[in-house]
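Peer 1: Dropping a prediction and its sequence here:
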Amino acid sequence: MVDPRYSNLLPRTLLYLVLALFVAFYLMPLYVMLANSFKPLAEIRAGGLLSPPEDWTVTPWLAAWSSAAIGVEATGLKPYFLNSVWMVIAAVAISTLLGALNGYVLSKWRFHGAGLCFGLMLFACFIPFQIVLIPMAQILGMLGLAGTVSGLVLVHVIYGLSFTTLFFRNYYASFPDDLVRAALIDGAGFFTLFGRILLPNSGPVIVVTVIWQFTNIWNDFLFGVSFADADSQPLTVALNNLVNSSTGVKEYNVHFAGAILAAFPTLLVYVLAGRYFVRGLLSGAVKG
Amino acid sequence: MSAEGMAAGLQRLMPRLVFSPSLSLVLIFIYGFIIYSIYLSFTSSRILPVNDWAGLANYLRLFKLPHWHIAIRNLAVFGSLYITFCIALGLLLAILLDQKIRLEGGIRAVLLYPMALSFIVTGTAWKWLLDPGIGLEHSVHLLGFTNFHFGWIKDGGLAIYTLVIAAVWHTSGFVMALFLAGLRGIDEEVLKAARIDGAAGLRLYTRIVIPQLRPALFSAVIVLTHLAIKSYDLVIALTGGGPGRATELPATFMYSYTFTRNQMGIGAAAAVIMLMTVAAVMIPYLHAETDGRRHG
Amino acid sequence: MRPTILMRTCLAVLFAWCLIATRAGAVEVEVLHWWTAGGEAAALGILKDRLKESGIDWKDVPVAGGGGTQAMTVLRARVTSGNPPVAVQMLGFDIVDWAELGVLADLNETAAAEHWDRVIPAAIQRFSKADGRWIAVPVDVHSVNWVWANQALLDELKIAQPRTWKDFIAALKKVKDSGRIALAHGGQPWQDATLFDSVVMLTGGPDFYRQALIDLDSEALDSDTMREVFDRMLVLRGFVDDNFSGRDWNLATAMVIRGEAAFQVMGDWVKGEFITAGKVPGKDFACFRFPGTENTVLFNSDQFVMFRVGGEMREAQLKLATAIMNPKFQSAFSVIKGSVPARTDVPDADFDACGKQGMADLARADAAGTLIGSMAHGHAAPAAVKNAFYDVITAHFNGELDTEEAIEELLDAVESVR
């Protein structure tokens, strides 16, 4: 008989080969962006996109960060970074907390009509954002939040609620009802139950929700450009101004560097927290 | 009423009290705006909303526009291919990764990272790669294979598929993670029992494993459908709707009529039709999935 | 416990915003525009510095993308929310549309005091005034019926400046036969339409152009002249390379600069690309009017539209208007940007050969009544019509429609948006 270790060898090799091909496919765009962000502009113009840089330079990165023209002032992306950070922290924190409370209510306190409410929130995922702009602007104006970070946070919280509620509801649905019942018998109230029993066990789903929200809000352009004013424009708007300018020499190396800089926080989150992300999914965050 | 009675009453009210702010936000800012859009679609609004009643005029115009029909057809092609390929590829990758692979963490990170990038960045990067003059085709030519031809993005009949490539690249890793989580959640005992019954290899997957992934599939379908319908940034960055009108999608159509062409009424009518279509497809599915599980 | 930490973070963030929100400053004018790079941004920088001298701070709201369409979306959100910028860069019929909504300022006092009526061509005033009221300040004039050519390539192939359609085709053929790309073109709707503009002017002349593209006369749109225009577009399509689709205009220009292609038909903003690449007009590259359109100028004019504001903002706004109309500024601005000044009384001393020709052409066309708004750039018809034209021109140029179908769809489209 053939040793099972050898009978496995061929399929295993094939398996790794297939995976390697996929890895190459997924890495290609990132490679192109990285490689070209380290080339001088002349080299990009002259050569192929896929060739590695011959004449390494970090100038494009420095330019994208602090000296490229974003408007009348050549400030680079730097000043916009903090705008995005403030916005994202607040919007992610609030929408996650609300999502957790909603999920808790919808899964553990099934009041009359809870199913309909959940359905209403779920369908809200599909609203095209284009139809939101004008009425939203009207309401922000009425609230006095037009052109402020607070207004932008409000918008992101509202349109993130569907997904955060979905995540938490599904996670809590698989949380043992016995534990909840026991706590209730012990006299735990609504918030005690949430704070003492459910929340401490919500690590995985919080990771998933925070990553999801962080990525979506950080990458948003439409709301940022429409509802922010000069002082609160987020990073994506600045990136657009850098990359999409109508005239002038297109400095592609700077554009690539800028794109990676703008994506850096989300990339970092995925790479650092990726393991917890899958673990979070695994523990039921998006299971039924 | 005693203080305790009031406290108990408050406790009973608490769930609704806590849920009501979110619900009112959703009712106002989602459903209120949908109603507002329906109203707008019956007015002659152009640059900003106005209150002139126009009846069905916008809908009649909308369906006379060749543009709109192209956009709808493109969404059908793009949406179905995008969702199918993401799910197929995601499932395949999840199964491959589930074979006790070395370096699983690293590979997973590589497959997942595109999801961290915005569609604008995704579109821009792929626009470069797919451009025959500077991207893949050019690079392969430099290697000496001058017969290689890959100019889909410049071809009106094929450009829509480049959208699919870029979009699948962006999201399939995420779908993989969903399925992987699903796979890992399957009870080992069930698998053992199935193996004892003689199920193995492909049969084990088609009969036992894949049916158990239904909840993961549900999440994937929701995420993918919402991304397919909202695909605006990707089109703008990758093809700008071209060549010609070959990659126009309803989202770009709505945006352009509402904001670029100053025909807000038609844009609103398009949005209403879109939402109704989505509702017709998704509501039965959402209902079956959320309900089925409650009984199951 | 976790929720309290979350709450505390939220409170801290809220508190920080309050600090940001209440930060006070000098008089700031918010200006919304889409000039975010290169010569354009530098040119605006001059304006900013001039304002600073009169004690006004320029608050920049740049929104690039789509030749200003992105900025117009933002403007709608800003106006709807009751928070309009003080001044907004705008083009052609967008200005007319906004004027109808009654949200713009009245600049008549300043205009009268500085005699704007006398120095701005009437064709441009058409867009700066609504109901006899000055509402916008023109900063420059671009024109789109230009051909840009690589001089070395022309010399090599012994091509002289073509002045008729036949000459132009002969020249294009010569280049194509030599193995080079004859016409550098970017396949984006607005670029296709820019080419179309010139072909209409060449084929039908100014009167036909007005009838068809400005008055939208269905007889003119359905005429044999229009059929010839579409047929000629297909002829030009034959001289464009296969990879043209989606190409940015500046990449097409780069092809001319490098000598891979001979000609590009595009507005005078192209000049900036040549200059930045260290090329000299009249020596390394040639600029001439599209053949057969030598006596006309198809223009598009950048204007700053002033929104109605109150109090000290209003004062600052008028100062901004005065600064934009300053002849020295108009000259300096256009020298950097590649346009010509909107004022016709500005000396041409600082301009290069192409700029001097542009200024002379503008004055001549103004006098002869052949200074006409460009359809492709929103100076002939409102946005809905313009985009309906785009649809048909682009679909036809990409072979989705033949000439008869194009005419039919054009009539339908114009009818439906009239």
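Peer 2: Arrived safely, thanks for sending.

Peer 1: how near is C:Ile124 to chain B?
Peer 2: Distance of C:Ile124 to chain B, computed by C-beta to the nearest C-beta, to the nearest Å: 22 Å. Any C-beta I mention is one placed from the backbone N, CA and C, and that applies to glycine too.

Peer 1: and that residue, what helix or strand is that in?
Peer 2: helix C:122-128 (DSSP states H and E).

Peer 1: ok, now C:Val29?
Peer 2: strand C:28-33.

Peer 1: What strands flank that strand, and is each parallel or antiparallel?
Peer 2: strand C:57-62 (parallel), strand C:87-91 (parallel) (DSSP bridges).

Peer 1: Mean pLDDT lowest where, among the ones you listed?
Peer 2: When the strands paired with strand C:28-33 are ranked by mean pLDDT, strand C:57-62 comes last with a mean of 89.

Peer 1: then that one to PDB, C-alphas only?
Peer 2: Output in PDB follows, covering the C-alpha atoms of strand C:57-62 (Å, rounded to 0.1, in the frame of the first residue of the first chain):
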ATOM      1  CA  ASP C  57      -9.400  85.600   4.300                       C
ATOM      2  CA  TRP C  58     -10.000  83.100   1.500                       C
ATOM      3  CA  LYS C  59     -11.700  79.900   2.800                       C
ATOM      4  CA  ASP C  60     -11.000  77.200   0.200                       C
ATOM      5  CA  VAL C  61     -13.700  74.700  -0.600                       C
ATOM      6  CA  PRO C  62     -12.200  72.700  -3.500                       C
END
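
Peer 1: returning to that earlier point: following element in sequence after the strand holding C:Val29, please.
Peer 2: Counting by DSSP H and E, the next helix or strand C-terminal to strand C:28-33 is helix C:38-53.

Peer 1: Enumerate every residue touching the residue positioned nearest the centre of chain C.
Peer 2: For chain C, the residue nearest the mean C-alpha position is C:Asn300 (4.9 Å; C-alpha atoms, centre = their mean). Counting by C-beta atoms under 8 Å, 6 or more residues apart in numbering or on different chains, C:Asn300 touches C:Leu91, C:Gly92, C:Val141, C:His142, C:Ser143, C:Val144, C:Gly267, C:Gly373, C:Ser374, C:His377, C:Gly378, C:His379.

Peer 1: What sits closest to it if chain neighbours are left out?
Peer 2: Leaving aside its sequence neighbours, C:Asn300 sits nearest to C:His377 (C-beta to C-beta, 6 or more residues apart in numbering or on different chains; 3.6 Å).

Peer 1: what about that neighbour, which helix or strand?
Peer 2: In the assignment (DSSP H and E), C:His377 maps to no helix and no strand.

Peer 1: Tell me which residues touch it, please.
Peer 2: Per C-beta under 8 Å, 6+ apart, neighbours of C:His377: C:Leu91, C:Gly92, C:His142, C:Val144, C:Trp190, C:Thr194, C:Gly267, C:Asn300.

Peer 1: So what's the residue count around the fifth one?
Peer 2: Looking back up the chat, that one is C:Trp190. C:Trp190: 19 surrounding residues under other C-beta atoms under 10 Å in any protein chain shown.

Peer 1: hang on, it packs against C:Tyr390?
Peer 2: Yes. Counting by C-beta atoms under 8 Å, C:Tyr390 is a contact partner of C:Trp190 at 6.8 Å.

Peer 1: Pull the number of nearby residues for C:Asp217.
Peer 2: Neighbour count for C:Asp217, taken as other C-beta under 10 Å: 15.
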